[in-house]
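**Student:** generate coordinates for the sequence data below:
(one chain, ligands or ions: 1)
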Amino acid sequence: MTFERPNIEKMQGYTPGEQPDDGDSIKLNTNENPYPASPEVAAALRSIEVDSLRRYPPPLADQFRQAAARLHQVSEHNIIPTNGGDELLRLVLTTFVDSGETIAITKPSYSLYRVLADIAGCKLAAIDLQADWSMPENFLAQLQQVQARITILVNPQAPTGSLISVAYLDELAGNYGGVLVVDEAYVDFIDPELGYDSIPLIGRHKNLLILRSLSKGYGLAGLRFGYGIACESLIEPMLTKTRDSYNTDTISQHLATAALDSTGPSILPSIPTEPWTRTVAASRWRH
Ligand SMILES: Cc1ncc(COP(=O)(O)O)c(C=O)c1O
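**Tutor:** A predicted model of the protein is given here:
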């Protein structure tokens, strides 16, 4: 006998990447940053008084929202802070799709999407990337055919590393009738010379949500902090209705704010361009 909902009973849970503690492994499986977070984050950590934990955190993480708004030159109403990018993905499903409806992704991509779709009791349409990892042909027509309410793209793609252009996203968002999530967990690794910047698209498309994570480029996977950037009408229901009442804690808000404040408004000003030496953002404060 089980008390689980039928779709929960049937599904497999997410398998987190293995964390060996042998000290010898060169660990690549979960895409953590080999560099520590910025000195400003270390200083912010040292400055936390245990007494500050007596009280609940600011529910909307106001200081973080303001820092993110400054960094991306948007309004704080365009920002939702979350417990990692993963929580944002879960909130998107909770807020914008009903069970039985369809979520579309490209294949291969992040294995959590299927788990979240299973939890929500949704169908998952996983549409194959082309052989050279470029976007599927007639992608919009395929989304329309499966009646996808939400489409999630990873950009730059994980695990392939390919990049979808801003022009492509602009056109897709403009013609697609559902919510388009662009998961930019790895955005800090894009060659700055490519000038990739999707943020201005949120002013043009009310259905576009950009996911950011502090786990990768900022070297803060252990902090569990991410955020969404979108027009206010997409952010507002998640912020005021479906989010846990205190979804980010006092310590993580403080450190995440320090992390964003220590980067300045430009992404990776002077990082070398060979793909793997740009391992990254963290190296920017070493120069
Ligand atoms: C494509 C992609 N999106 C989102 C995430 C989640 O990041 P976070 O650690 O912020 O929850 C990951 C983490 O591995 C990822 O690979």
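**Student:** what about Leu209, is that helix, strand or coil?
**Tutor:** Put simply, Leu209 is strand when judged by DSSP: H, G, I helix; E, B strand; the rest coil.
**Student:** that one and Glu184 touch, don't they?
**Tutor:** No - using CB atoms under 8 Å as the test, Leu209 is too far from Glu184 to be in contact (10.4 Å). Backbone N, C-alpha and C define where each C-beta goes, glycine included.
**Student:** what helices or strands is the helix or strand where Ala117 lies leaning on?
**Tutor:** Element membership for Ala117, per DSSP states H and E: helix 112-120. Packed against helix 112-120 by the contact rule (3 or more CB pairs under 8 Å, 6 or more residues apart in numbering; DSSP states H and E) you find helix 6-10, helix 84-96, strand 102-107, strand 123-128.
**Student:** so what's Tyr176 up against?
**Tutor:** Leu140, Leu143, Thr151, Asn207 (CB atoms under 8 Å, 6 or more residues apart in numbering).
**Student:** let's have those in JSON lines, adding secondary structure, distance to the ligand and pLDDT.
**Tutor:** Output for the contacts of Tyr176, formatted as JSON lines (DSSP: H, G, I helix; E, B strand; the rest coil; distance: CB to the nearest ligand atom, whole Å; pLDDT from 0 to 100):
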{"residue": "Leu140", "secondary structure": "helix", "distance to the ligand": "22", "pLDDT": "98"}
{"residue": "Leu143", "secondary structure": "helix", "distance to the ligand": "19", "pLDDT": "98"}
{"residue": "Thr151", "secondary structure": "strand", "distance to the ligand": "14", "pLDDT": "98"}
{"residue": "Asn207", "secondary structure": "coil", "distance to the ligand": "19", "pLDDT": "98"}
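**Student:** by neighbours, which of these wins?
**Tutor:** Thr151 (26 neighbours; other CB atoms under 10 Å).
**Student:** relative to Pro237, how far out is the nearest residue to it once chain neighbours are set aside?
**Tutor:** Leaving aside its chain neighbours, Thr151 sits nearest to Ala104 (4.4 Å; criterion: CB to CB, 6 or more residues apart in numbering). Ala104 sits 21 Å away from Pro237, going by CB to CB, to the nearest Å.
**Student:** what's the answer for Ala67, then?
**Tutor:** When Ala67 is compared with Pro237 (using CB to CB), they lie 23 Å apart.
**Student:** more neighbours, these two?
**Tutor:** Ala67 (23 against 15).
**Student:** contacts for the strand or helix carrying Asp170, please.
**Tutor:** Assigned by DSSP H and E, Asp170 belongs to helix 166-175. Here helix 166-175 makes contact (CB under 8 Å, 6+ apart) with 135, 139-140, 153, 155, 180, 182, 196-198, 201, 204-205, 207-208.
**Student:** got the buried residues for that helix?
**Tutor:** Across helix 166-175, burial judged by 16 or more other CB atoms under 10 Å covers Val166, Leu169, Asp170, Leu172, Ala173.
**Student:** mind checking the SS state of Asp188?
**Tutor:** Once three-state DSSP is applied, Asp188 turns out helix.
**Student:** all further residue positions should be reported with the first residue as 5.
**Tutor:** New numbering, starting at 5: the last item is Asp192.
**Student:** leaving out sequence neighbours, find the closest residue to it.
**Tutor:** Gly221 (2.6 Å).
**Student:** so which bits of the stretch 105-254 of the chain are right by the ligand?
**Tutor:** Tyr114, Val158, Ala162, Asp187, Ala189, Ser217, Ser219, Ala225, Gly230 (CB under 6 Å from any ligand atom).
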